[in-house]
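Trainee: Compute the structure for the input listed below.
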Amino acid sequence: MENRESKLQALEAAEENVRYWQAEVRRLNYELGKVQNEPHVDAITKIGVKKFAEKVCEKYGITYEQFRHKSRVRPLVDIRTLVAVVAVRHCRYTLSQVGAVCGGRDHTTILNYLERHDNFYPRDWDYTSLYKQFEKWVKETFV
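Mentor: Residues are numbered from 1 along each chain as shown. All right, here's what the predicted structure looks like:
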């Protein structure tokens, strides 16, 4: 049993290491000018993260106040997670900027959303489907 647990820990550490280096490669490529922003990234950056969040709320039929509310109901947390992933990882907004838009949340909450995405995206069918639909909508809407 102990051997299995140590193998699982080693696997988790390796996965975390891979994610770290993938993010580092993206960052360096961006700094070196090798990566051009996609049109939707430039459009979101231009309108700002608050307007982006408002558009997302409109899409999912909730008010911006509901989005900012302290509720931890899964559909609302999923929507906040989607906004955080696009805003931080694609548009390079800071954790604090995204936290302010998501109801004055702390930067660690946004980190939690990003980690939640990393855990759910490949493994949870419902979330994966939601994210893929959201990503498609973002690319079509913000051109």
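Trainee: Show me how the record splits this protein into domains.
Mentor: 1-36, 38-141 (automatic domain parsing).
Trainee: looking at these, which is buried most?
Mentor: The highest average neighbour count among these, using mean count of other CB atoms under 10 Å, belongs to domain 38-141 at a mean of 16. Yep, even glycine has a C-beta here, placed from its N, CA and C like the rest.
Trainee: would JSON lines of the domains of the chain with mean pLDDT be doable?
Mentor: Shown next, in JSON lines, are the domains of the chain (pLDDT from 0 to 100):
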{"stretch": "domain 1-36", "mean pLDDT": "75"}
{"stretch": "domain 38-141", "mean pLDDT": "94"}
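Trainee: who are the neighbours in contact with residue 93?
Mentor: 49, 87 (CB atoms under 8 Å, 6 or more residues apart in numbering).
Trainee: oh sorry, the question was meant for residue 13
Mentor: Residues near residue 13 by CB under 8 Å, 6+ apart: none.
Trainee: what about it, distance to residue 76?
Mentor: Distance, residue 13 to residue 76, by CB to CB, to the nearest Å: 32 Å.
Trainee: so what's the residue most central in space within the chain up against?
Mentor: Central residue of the chain (CA atoms, centre = their mean): residue 85, 1.2 Å from the mean position. Neighbouring residues of residue 85 by CB under 8 Å, 6+ apart: 113-114, 117, 131.
Trainee: switch to 10 Å and redo it
Mentor: Residues near residue 85 by CB atoms under 10 Å, 6 or more residues apart in numbering: 98, 110, 113-114, 116-118, 121, 131, 134-135.
Trainee: Distance across stretch 22-40, terminal residue to terminal residue?
Mentor: End-to-end span of stretch 22-40 (CA to CA, to the nearest Å): 21 Å.
Trainee: Just the CA coordinates for stretch 60-73, please, in CSV.
Mentor: Coordinates of the C-alpha atoms in stretch 60-73 are reproduced here as CSV (Å, rounded to 0.1, in the frame of the first residue of the first chain):
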residue,chain,number,x,y,z
TYR,A,60,-25.2,32.1,-19.0
GLY,A,61,-28.3,34.1,-18.0
ILE,A,62,-27.1,35.4,-14.7
THR,A,63,-26.6,38.9,-13.4
TYR,A,64,-23.2,40.4,-12.7
GLU,A,65,-24.3,40.7,-9.0
GLN,A,66,-24.9,36.9,-8.9
PHE,A,67,-21.5,36.3,-10.5
ARG,A,68,-19.9,38.5,-7.8
HIS,A,69,-21.9,37.0,-4.9
LYS,A,70,-20.2,34.8,-2.3
SER,A,71,-22.2,31.7,-3.3
ARG,A,72,-20.3,28.5,-3.8
VAL,A,73,-23.0,26.8,-5.9
